[in-house]
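Asker: for reference, the sequence and a predicted model appear below.
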Amino acid sequence: MREIGGQQALLALGTDVAQIGFVVKDLNRTLETHRAMGPWRIYTHDAARVPGMHIGGIPASFKFRLAINSAVPQIEFIEPVDGPNPYQEWLDEKGEGIHHLGFHIPDAAATTSVMEALGVRVIMGGTGYGRDGSGAYCYYDTVDLLGYISEAIELPRKRWDPDAVILP
């Protein structure tokens, strides 16, 4: 990998943090503790809901639950549910806690092309998670460059209804 600086990666992602992502063992227990930060919208994602799911560019199938609130930056809690996946690996290696910072970008594919040209490894991602097949996300291994994993988030035009909503 050629030598690059964190500034170059941030220029590809933008500098406004849109989301702080945490990996947790038990989403329900976490939401009980953080209920006051809601309302929380809960979603289940798997290969059926995210048809372009991949790990390192290789098609993958695993399941995870997530809860997001409306704060700025948004808080996201992620619980791995099924299948080998980077979220479970994180829990096994590091335990619960901050996993990534997310940045809203207009085009995940274009951002990924820039990041790959910079030599930044893609950890995982997914496309088509919106109700209309829009939306994409991609995690990049920017730990050595920035001190954290970075996520590019291309918001879907239309979201699925949440599995549940938990009010404060």
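Answerer: Alright, I've got the coordinates. All of these numbers come straight from a predicted model, not from anything done at the bench.

Asker: which residues does the residue minimising distance to the centre of the chain contact?
Answerer: For the chain, residue 151 is the residue whose C-alpha lies nearest the centre (Cα atoms, centre = their mean; 5.6 Å). By Cβ atoms under 8 Å, 6 or more residues apart in numbering, the contact list for residue 151 reads 19, 21, 100-103, 137-140. No exception for glycine: its C-beta is placed from N, CA and C like everyone else's.

Asker: first to last residue in stretch 8-20, what's the distance?
Answerer: By Cα to Cα, to the nearest Å, the extent of stretch 8-20 from end to end equals 21 Å.

Asker: what about that stretch, distance to the chain center?
Answerer: 13 Å (Cα atoms, centre = their mean, to the nearest Å).

Asker: so the residue nearest to the centre of the chain: helix, strand or coil?
Answerer: strand (DSSP: H, G, I helix; E, B strand; the rest coil).

Asker: does it have beta-bridge partners, and which?
Answerer: residue 102, residue 139 (DSSP bridges).

Asker: can we start the residue count at 70 from this point?
Answerer: Sure thing, new numbering starts at 70, so read that last one as residue 220.

Asker: confidence score at it?
Answerer: Looking at residue 220, its pLDDT is 98.

Asker: same check, this time on residue 190
Answerer: Residue 190 is assigned 96 on the pLDDT scale.
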